[in-house]
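Colleague: I'll drop the sequence and a predicted model, then ask my questions.
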Amino acid sequence: GTLLAMVSTLCLHFTVIHTPEDLDEAISIAEEQLSGVHVGHQCRSRVIQELASALLLRGKFYDRLEDINKAIQLLETTDITSLESLRGPEYMRVLGASYLAKFRRTHDLEDAAKARDITLDVLKRAVNGRRDRFEYLLDVSELYLEHDTRYCDVAVALKHLSEGIRDDHRDVRSRITGAIRLLRRVEEMHAKGLVNAEVSVSLQLLGVYSSLVSLLPRVAYFGLDSLSRLQSLAIAQDIAATGAIHAIYISRPESALEILEQGRAVFWTHTLRLRSKFDLV
C-alpha cells in the first residue's frame, strides 16, 4: 500500500512539476510490485491501474505509442466486471483515456469508438453524489470535443460541462479549473472554425461562462489565508472578460455587461477585504 501510494504521488508530482524522472521511478516501482503479485490477488488490479496510469502519462509526454499500448494491454488483462464497485469506474477511466490517447496518434476510428463506449459506461456507473463524478463528466465533455471523430458534438460537450459545474459534491476551485481547461479547447476549435455556429450552441456557451462567474464568490472563501485567497481569485480572473467577449460576439451586450459587473464586484470585494491594517504591516 505504501509503495502504491508512492507511485500515485510521483505521478501527481509529475503533473505539477513535469519531471520525467518521476514517471520513470513510478513505473519501475509499479512493475516491481506487479511481478510479485500473483493473478487473483486482491491488490493486483490496483497495481495494474497505477502502472497503467504512469505509462499513459509517459506515453502522452513523450508521444510514445508503445507506452500507451502497454497501458491498454495491462488494463485489458483484468476482468473489469469482477472489480469492486468503488474502484471499477476509476480503472475503466484510465482504460478509456488510454484509448483516446491512442486515437490521437493513430486516428483509428475504432480506438475512438472504444474510448467513447468505455467513458460513457464509466459515467453511467458513477451515481450522483460521488465526488469523482465531476471528473467523469469532464471526461465525457472532452470526448465530444474530439473533432476528428464521428461523434464530435459541441452541444453535448457543453451539456456535460454544465452539469459538472453544477455538481456541488466537488470543490469550487476544481470545477472552475476543470471548466477553464475545456473552455480553452472550445475556443481553439472556434478559432479554427470547427464549432457549430448555431444560436443554441452559442447560448449554451454563454450559460457556461455565466455559471462560472456565479461560482467566483465561493472560490475565495474567507477560511483561507490572504495569499491563498488571492491565488484562488487569480485562477478565474479572465472568465468574466472572456464571457463578456463571447456575449458581444453573439450580439448580447446586456449579458456582457452583467457578466463584467458581476466579475468586477466579486474580484474587488474580495481584494479589498484582503488589505491589511497599517499597524499589522
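Modeller: Nice, thanks for sending it over.
Colleague: so where is the stretch 151-281 of the chain shaky, pLDDT-wise?
Modeller: 196-197, 220-226, 229, 232, 235-236, 270-281 (pLDDT under 70).
Colleague: which parts of it are helices?
Modeller: Assigned by DSSP state H, counting those that start in this stretch, the stretch 151-281 of the chain shows helices spanning 154-165, 172-191, 199-219, 226-234, 239-249, 253-273.
Colleague: wait, which of the ones you listed is closest to residue 50?
Modeller: helix 172-191 (21.4 Å; CB to CB). Every C-beta, even on glycine, is put in place using the N, C-alpha and C of the backbone.
Colleague: who are the packing partners of that closest one?
Modeller: Secondary-structure packing of helix 172-191 (3 or more CB pairs under 8 Å, 6 or more residues apart in numbering; DSSP states H and E): helix 133-143, helix 154-165, helix 199-219, helix 239-249.
Colleague: would you turn those into CSV with distance to residue 268?
Modeller: As requested, these are exported to CSV (distance: least, CB to CB, whole Å):
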stretch, distance to residue 268
helix 133-143, 29
helix 154-165, 23
helix 199-219, 11
helix 239-249, 12
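Colleague: gap between the nearest residue to residue 199 once chain neighbours are set aside and residue 201?
Modeller: What sits nearest to residue 199 in space, not counting adjacent residues and going by CB to CB, 6 or more residues apart in numbering, is residue 250, at 7.5 Å. Residue 250 sits 10 Å away from residue 201, taking CB to CB, to the nearest Å as the criterion.
Colleague: the more surrounded of the two?
Modeller: Using other CB atoms under 10 Å as the criterion, residue 250 and residue 201 rank with residue 201 on top: 18 against 15.
Colleague: how about that one, nearest residue that isn't a chain neighbour?
Modeller: Per CB to CB, 6+ apart, closest to residue 201 is residue 155, 5.2 Å.
Colleague: and the one you found, what is it in contact with?
Modeller: Listed by CB atoms under 8 Å, 6 or more residues apart in numbering, the contact partners of residue 155 are 196, 198, 200, 201, 204.
Colleague: how about those residues in JSON lines, adding distance to residue 230?
Modeller: Listed next are the contacts of residue 155 as JSON lines, based on distance: CB to CB, whole Å:
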{"residue": "196", "distance to residue 230": "38"}
{"residue": "198", "distance to residue 230": "39"}
{"residue": "200", "distance to residue 230": "37"}
{"residue": "201", "distance to residue 230": "35"}
{"residue": "204", "distance to residue 230": "31"}
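Colleague: can you tell me which of those residues are classed as buried?
Modeller: 201, 204 (16 or more other CB atoms under 10 Å).
Colleague: looking at the contacts of residue 155, spot the one nearest residue 177.
Modeller: For the contacts of residue 155, the nearest to residue 177 is residue 204 (20.4 Å; CB to CB).
Colleague: so the closest one sits right up against residue 156, yeah?
Modeller: No - using CB atoms under 8 Å, residue 204 is not in contact with residue 156, being 9.9 Å away.
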